[in-house]
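In: following is a predicted model, sequence given first.
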Amino acid sequence: MQEWLRPWEDGFVPSFWSAKNAMLQAAGAAFERHGVREGQQFVLMCLWREDGLSPGEIAGRLGLATPTVTRTVTRMEGSGLVERHPHPTDARLVSVRLTERGRGLRTALDAEMNALSERALQGFGEEERRAFTRMLDALTANLRAGR
């Protein structure tokens, strides 16, 4: 086995796991300052692009299970970030809509995301940043293809 592939020591998986956890912790702290729990920013991003999506539509766009999004939306509703409304075309569904508070957080959370990205990619040049992003996208595609 090649040295960098050692699964449980200092190979790829532990390095990726460590980076993922560091990102989650830093993001959690950044968004918590605005009353947004880690992960909720991605639901907000979906709704900033297109308000009124169903939990299933949000789940599809984020690559998550619908029950996960439903639980997240319930917490977000309790925090005053979103509201549920009857779906306009399907009585079996709900439409998730941003509240004024949810809409108003966009500028602040965009700034937090930009600062977090800068912090994470500090020391990387522009081409390295683009290449790293392409590699992460390829890694995601590789792992999803193996489901």
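Out: Here it is on my side, so go on. Numbers count the residues shown, from 1 in each chain.

In: can you tell me the closest non-neighbouring residue to the residue positioned nearest the centre of the chain?
Out: By CA atoms, centre = their mean, the mean C-alpha position of the chain lies nearest to Phe42, the distance being 3.9 Å. Nearest residue to Phe42, sequence neighbours excluded (CB to CB, 6 or more residues apart in numbering): Leu62, at 5.5 Å. To be clear about C-beta, it is placed using only N, CA and C from the backbone, and glycine gets the same treatment.

In: where's that neighbour relative to Ala26, distance?
Out: Between Leu62 and Ala26 the computed distance is 20 Å (CB to CB, to the nearest Å).

In: next, count neighbours for Thr68.
Out: Other residues within reach of Thr68, judged by other CB atoms under 10 Å, total 14.

In: does it belong to a helix or a strand, and which?
Out: Using DSSP states H and E, Thr68 falls within helix 66-78.

In: kindly report the same for Val13.
Out: helix 12-32.

In: would you mark the buried spots in the very next helix or strand once past the helix holding Thr68?
Out: Counting by DSSP H and E, the next helix or strand C-terminal to helix 66-78 is strand 82-86. For strand 82-86, the neighbour count (16 or more other CB atoms under 10 Å) marks Val82, Arg84 as buried.

In: in terms of secondary structure, what does strand 82-86 contact?
Out: helix 66-78, strand 94-98 (3 or more CB pairs under 8 Å, 6 or more residues apart in numbering; DSSP states H and E).

In: need the distance between the two termini of stretch 118-128.
Out: Stretch 118-128 stretches 13 Å from its first residue to its last (CA to CA, to the nearest Å).

In: check the residue nearest to the centre of the chain and give its pLDDT.
Out: What the model reports for Phe42 is a pLDDT of 93.

In: over to Gln2?
Out: Value for Gln2, per-residue pLDDT: 60.

In: ok, Phe31 to Gln40 distance?
Out: For Phe31, the distance to Gln40 - CB to CB - is 7 Å.

In: show me the contact partners of stretch 55-64.
Out: Contact with stretch 55-64 is made by 42-43, 46-47, 53, 65-66, 68-70, 73, 93-94, 96, 144, as judged by CB atoms under 8 Å, 6 or more residues apart in numbering.
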